[in-house]
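K.L.:
need a 3D model of the sequence below.
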Amino acid sequence: MRLATRTIRLICLLALCGLAFSSRPASAEMVARPVDWTLDGTAFHSMLIFDDASKARRPGLVMVPNWYGLTDIAVNKAKMIAGKDYVILLTDMYGATVRPASDAQAKAAVSPLLADRSLMRKRIDYALAQLKAQAGDAPIDTARLAAIGFCFGGGAVLDLARSGADVKAVISFHGQLGTDRPELAKQIKARVLAMNGADDPLTMPDAGKFTEEMRMSPADWQFAVMGHAVHCFTETEATSATGPCRYNAEVAARSYALMRQWLDESFAKP
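P.N.:
Residues are numbered from 1 along each chain as shown. This next block holds a predicted model:
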């Protein structure tokens, strides 16, 4: 009888423990799901990245990575930036079959877009439309949209602003500053933040023309020159101790803080 009583008590205890565990919410994970589209006969393969812990609507960001495109490093970077704060469309600008594995291949991939900036503007504009289209299946607040980009991607999102896209903000990290049509600045609607290394030999030669271009813009803009930094200062894989492309942890942290402040201010404006 005592054995039976103990057995019953044990069964009840296990049942209560099971109930307690089953009532806990499943641990949230960063979602990274494919978003595919076709434009002008070219198939593109991008990734939508967000934390599914909450269903609350949050700002949506188009993110264009450096000239290597959609790598595992770029995906992890997007996850880090997205956190619980943003939904990010990590954007394929080349096409699904183009995945550079070397600097030479990256240069070959990016060259057609730099040679035809109207094509680059068309592709980044279409990516923004694809981000908006995800609002039915992802917690995106379509009233709070922005774009961020790194190196080549920085130039791409600046071209998104130049196209007159209806986004709250565009933020470029060590991005290319030049353009084929500086007069497009007159139609910029977004608040523009560009952050470049003071010692960046790849982008800073265009700094003067960029500031002249931005002066023509009716939009709020800021050009932040990051001291003691060269190109690639947010790219953790740029581990060289010398050369024009180097990661700088302190400057990267500062630039991310500026990004979040700029986004907060931009989303707060009517």
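K.L.:
before we move on, what SS does the residue positioned nearest the centre of the chain have?
P.N.:
If you average the C-alpha coordinates of the chain and look for the closest C-alpha using C-alpha atoms, centre = their mean, you land on Met63, 2.5 Å from that point. Assigned state for Met63: strand (three-state reduction, DSSP: H, G, I helix; E, B strand; the rest coil).
K.L.:
my read: it touches Ile88, true?
P.N.:
Yes: the pair Met63 and Ile88 passes the contact test of C-beta atoms under 8 Å, sitting 4.9 Å apart. Quick note: C-beta positions are derived from backbone N, CA and C, even for glycine.
K.L.:
rewinding a little: ok, now how distant is the residue nearest to the centre of the chain from Ser240?
P.N.:
Counting by C-beta to C-beta, to the nearest Å, the gap from Met63 to Ser240 is 24 Å.
K.L.:
where along the chain do the helices fall?
P.N.:
Under the criterion DSSP state H, helices of the chain are mapped to 2-23, 72-82, 103-115, 117-133, 152-162, 207-215, 249-268.
K.L.:
separation between Asp36 and Ala96?
P.N.:
For Asp36, the distance to Ala96 equals 7 Å [C-beta to C-beta].
K.L.:
find residues that contact each of the two.
P.N.:
Residues touching both Asp36 and Ala96 (C-beta atoms under 8 Å, 6 or more residues apart in numbering) are Ala43, Phe44, His45.
K.L.:
where do the contact lists of Met63 and Ile88 overlap?
P.N.:
By C-beta under 8 Å, 6+ apart, the residues touching both Met63 and Ile88 are Ala78, Ile81.
K.L.:
in the protein, where is pLDDT below threshold?
P.N.:
In the predicted model, the chain carries pLDDT under 70 at residues 1-28.
K.L.:
rerun at 50
P.N.:
Applying pLDDT under 50 to the chain flags the ranges 1-27.
K.L.:
not counting its neighbours along the chain, what's nearest Asp51?
P.N.:
Of all residues not flanking Asp51 in the chain, Lys84 sits nearest, at 4.8 Å (C-beta to C-beta, 6 or more residues apart in numbering).
K.L.:
quick one: contacts for that neighbour?
P.N.:
Under the criterion of C-beta under 8 Å, 6+ apart, the neighbours of Lys84 are Asp51, Ala53, Ser54, Arg58.
K.L.:
counting neighbours, which of those residues comes out on top?
P.N.:
The residue in the contacts of Lys84 with the most neighbours, by other C-beta atoms under 10 Å, is Arg58 (21 neighbours).
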